[in-house]
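Engineer: fold the following and give me the result.
(2 chains)
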Amino acid sequence: MIRNKIAGNVASLNAESPIIVAGAGPPVSSVVPQPSTAKPTLRIRPTKGWAALNLRELWSYRDLLWILVERNIKVIYKQTALGMIWIALQPLIAAIILAVVFGRVAKLPSDGVPYLLFVFCGLTAWRYFSETAQRSSNSLVNNAQLVSKVYFPRMLIPLSHTFSTLVDFGVMLIMLFVFMAIYGVPPTLRLAAIPGFLLLTAITATGVALWFSALSVKYRDCNYALPFFLQIWMYASAVVYPTSLIASERARALFALNPVVGFVEGFRWSVVGRSALNPTMFWITVGMSFLILCSGAFFFRRVERDFADII
Amino acid sequence: MSDIALSIQHLSKSFRIAHRRGGLSGYRTLHDELVTLPRRLINRLSGNGTSTSETFWALKDVSFDVNRGEALGIIGSNGAGKSTLLKILNRITEPTRGGVDVYGRVGALLEVGTGFHPELTGRENIFLNGAILGMTRAEIKRKFDEIVAFTEVEKFLDTPVKRYSSGMYVRLAFAVAAHLDPEILLIDEVLAVGDAEFQKKCLEKMENVSGKEGRTVIFVSHDMDAICHLCSRCVLLRQGEIVKTGPTTDVVGAYLGGEQVQASEIDFSPVDTGASFQFAGLSDSNDRSTTSFTTSEPILLKCSFAVQRQIEGLQLSFSVLNFKREQVFYSTLSMADPPISVEATGKHNIAAMIPRRLLLPGRYFIDLALHTPKTKLYDRRQQALSFQIVATVADGFDGFSGDELGQVYADVKWHRISTPKPG
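Structural biologist: Numbers count the residues shown, from 1 in each chain, chains lettered A, B, ... in the order given. You can find the predicted model right below:
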């Protein structure tokens, strides 16, 4: 080993003597020099209070976002025997359980739609939301090594899950269409509204993800609390029962403060055409979604600067 | 044109260290926070200082400039603030006070393999890692072949990296990072991994980056050989403060000398045997007291001793030991030419010059003795002094410690016997 080292050393001494190049002599510059009046390309200063979102920087790192998304998708079901089949299997099993428990045993109403279709409809929206929230809430801690070693807008990590979970959503959507065919529900133009409701779901999910991922850097409790929180949220969100169960108009508007109700009902309306969704509820949902996203983003930016020190 | 790449002004960074009674770890749970909330509020409002945390300054008012195209080394013992400084420059963490003006794109090599995902293949990881380090997809594509050639793991490109040997892993990681194209490159202890040959390759690559391509390099390392090899100027940090800035040899010398409390001069307490050492010291050819030398300068050893009564055949001798405490050579006054006698009573001042190009870079110790050959030992001071021979680029050392090159510096004269014939 030592011999190799010396042999290499002698070779390089003879070849072009890189030592001299590395020494104090003035280097031959191939980098375009900056004029003396140039402002610094970057000023590193302590920031206080609330920070700007800096969306431009986020945009300039979009390549990294896509690669992270790609990584999330490739990695998630690696070294499992069933692989990607899990994407389909998970919601299917969940839907069957809910259909048996709430449809057969508890006999909850379903606006006259077959209960399995009814619940699968709600689950499609709900699972996209909850999976995004769950995966991204651990994401910063799981990528602690990255966060403490390299600079990039940290928001990309939770954000990447918003996009990678779309794969799961896509699979569920296809399954939903299969269910529609099985139950003989004709497709209508209302299906065109799905991307809109999806966007709303993504906005809310990202907002929740930003809140929880940022909080879990400091408080690991979040990782343990979130599954229960999400479970309660699901039962509070008209996934297994229709909103029409709530009689009074005012109570429904109040109910819509939970944005999940809005997009779960929205999905159902797009697919089966029956829903208690009304414009008031819809706009409340939209408002709440954006509120969650914005507050999450600003909160994230505020605590982001300490991530590397406390993670 | 401006030739400053980085301007660091009064940079300070503090951390809060929590002193928690009975707490198991530094993690705070929501429960703790809620339970202590009233107390903390009261503390804050009443402004009394019984808080349970203490502020620790990892960096204290650090200011220096880095010139464009310069390779600057940052050295210091563990906890000196080197890595914190790099983290601030790389925007991983924010300074508490002060700031940095950066002129150009910064890229960092803080830890080899950061952002590698074990489940992904080598190929996929090149893209992932590249993007994390700030390259665009197009850039990575353009350099892909070059990167792969550097790694020497072509065969395993489509194998998940979790099945890689650690050596292959490191190769892949360094290759990606080394092909970053920043104007300012921050490097933290990356050479501590990989085999000797690969380390050499990395070092060469970094030389190219700083020397030929004219980029600015900031290099943090504990490997003094690598620092001496790569950097022309160094900053020495101790406990968050700058101790010394200047040419690499000076700063490295100060670091190695200063870290192990090494005095260049020593006064001895006398012994009652008839002959006793009083003083010993080391200095360079300009009679400057120092413990750090290059291979190309002689070392002057001076010592004073008192002889109480006439001692026939009294000799002064010394041994030089290497860092393993093995004797490198021995010298005694009887070898002096012309001869010097120290038999007479009184105080004697004797100097010995250790010639240049005798010792290899490394750490050495000196044993001193006053004795009459094979009969009596009057005074003996073991490892009374120590000194450091520093490898310098000017002396032709290519980043090794003396340990690997043998025992002595052979002042070999090289000649060309005939000019090479073409063909």
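
Engineer: show me which residues of the stretch 151-300 of chain B are close to chain A?
Structural biologist: Residues of the stretch 151-300 of chain B lying close to chain A by CB under 8 Å from any CB of the partner chain are B:160, B:183, B:195-197, B:200, B:204, B:207-208, B:210-215, B:229-230, B:232, B:247. Just so you know, the C-beta spots here come from the backbone N, C-alpha and C atoms, and that holds for glycine as well.

Engineer: which members of these are classed as buried?
Structural biologist: B:160, B:183, B:196, B:200, B:207, B:210-215, B:229-230, B:232 (16 or more other CB atoms under 10 Å in any protein chain shown).

Engineer: could these be laid out in JSON lines, adding secondary structure and pLDDT?
Structural biologist: Shown next, in JSON lines, are those (DSSP: H, G, I helix; E, B strand; the rest coil; pLDDT from 0 to 100):
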{"residue": "B:Pro160", "secondary structure": "strand", "pLDDT": "86"}
{"residue": "B:Glu183", "secondary structure": "coil", "pLDDT": "83"}
{"residue": "B:Ala196", "secondary structure": "helix", "pLDDT": "70"}
{"residue": "B:Lys200", "secondary structure": "helix", "pLDDT": "75"}
{"residue": "B:Glu207", "secondary structure": "helix", "pLDDT": "77"}
{"residue": "B:Ser210", "secondary structure": "helix", "pLDDT": "74"}
{"residue": "B:Gly211", "secondary structure": "helix", "pLDDT": "72"}
{"residue": "B:Lys212", "secondary structure": "helix", "pLDDT": "73"}
{"residue": "B:Glu213", "secondary structure": "coil", "pLDDT": "75"}
{"residue": "B:Gly214", "secondary structure": "coil", "pLDDT": "77"}
{"residue": "B:Arg215", "secondary structure": "coil", "pLDDT": "83"}
{"residue": "B:His229", "secondary structure": "helix", "pLDDT": "76"}
{"residue": "B:Leu230", "secondary structure": "helix", "pLDDT": "81"}
{"residue": "B:Ser232", "secondary structure": "coil", "pLDDT": "84"}
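
Engineer: give me the number of residues near the residue of the stretch 151-300 of chain A found nearest chain B?
Structural biologist: Going by CB to the nearest CB, chain B is nearest to A:Tyr151 of the stretch 151-300 of chain A, at 4.1 Å. By other CB atoms under 10 Å in any protein chain shown, the residues close to A:Tyr151 number 20.

Engineer: so how many other residues sit close to A:Val105?
Structural biologist: Applying other CB under 10 Å, we find 9 residues neighbouring A:Val105.

Engineer: what about it, distance to B:Ala280?
Structural biologist: Using CB to CB, to the nearest Å, A:Val105 is found at 95 Å from B:Ala280.

Engineer: ok, now A:Ser216?
Structural biologist: Taking CB to CB, one finds A:Ser216 at 62 Å from B:Ala280.

Engineer: run through chain A and note the low-pLDDT ranges.
Structural biologist: A:1-38, A:275-276 (pLDDT under 70).

Engineer: what about the helices in it?
Structural biologist: In chain A, the segments counted as helices under DSSP state H are A:2-15, A:18-22, A:55-60, A:62-76, A:85-98, A:115-142, A:144-147, A:156-182, A:194-218, A:221-235, A:249-255, A:259-272, A:279-304, A:307-310.

Engineer: are the last one and chain B in contact anywhere?
Structural biologist: Yes: applying CB under 8 Å from any CB, one finds that helix A:307-310 is in contact with chain B at A:308-309.

Engineer: list the helices and strands that helix packs on?
Structural biologist: helix A:194-218 (3 or more CB pairs under 8 Å, 6 or more residues apart in numbering or on different chains; DSSP states H and E).

Engineer: bridging residues for B:Leu377?
Structural biologist: Counting by DSSP bridges, B:Leu377 forms beta bridges with B:His371.

Engineer: dump the residue contacts of it.
Structural biologist: B:369-371 (CB atoms under 8 Å, 6 or more residues apart in numbering or on different chains).

Engineer: out of those, which is nearest to chain A?
Structural biologist: Of those, the one sitting nearest to chain A (CB to the nearest CB) turns out to be B:Ala369, at 34.6 Å.

Engineer: could you pull up the residues touching the closest one?
Structural biologist: By CB under 8 Å, 6+ apart, B:Ala369 lies in contact with B:316-319, B:377, B:379-381.

Engineer: ok, and the most crowded of the residues you listed?
Structural biologist: Ranked by the number of neighbours (other CB under 10 Å), these place B:Leu316 first, at 24 neighbours.

Engineer: does that residue belong to a helix, a strand or coil?
Structural biologist: The assignment at B:Leu316 comes out as strand when based on DSSP: H, G, I helix; E, B strand; the rest coil.

Engineer: over to the residue nearest to it when sequence neighbours are not counted: give its phi and psi.
Structural biologist: Nearest non-adjacent residue to B:Leu316, counting by CB to CB, 6 or more residues apart in numbering or on different chains: B:Leu333, 4.6 Å away. Main-chain torsions, B:Leu333, degrees, to the nearest 10: phi -70, psi -20.

Engineer: and if you look at B:Val35?
Structural biologist: When read as degrees, to the nearest 10, the backbone of B:Val35 gives phi -70, psi -40.

Engineer: and what of B:Gly76?
Structural biologist: Taking degrees, to the nearest 10, you get phi 150, psi 160 for the backbone angles of B:Gly76.

Engineer: with that, I have no additional questions.
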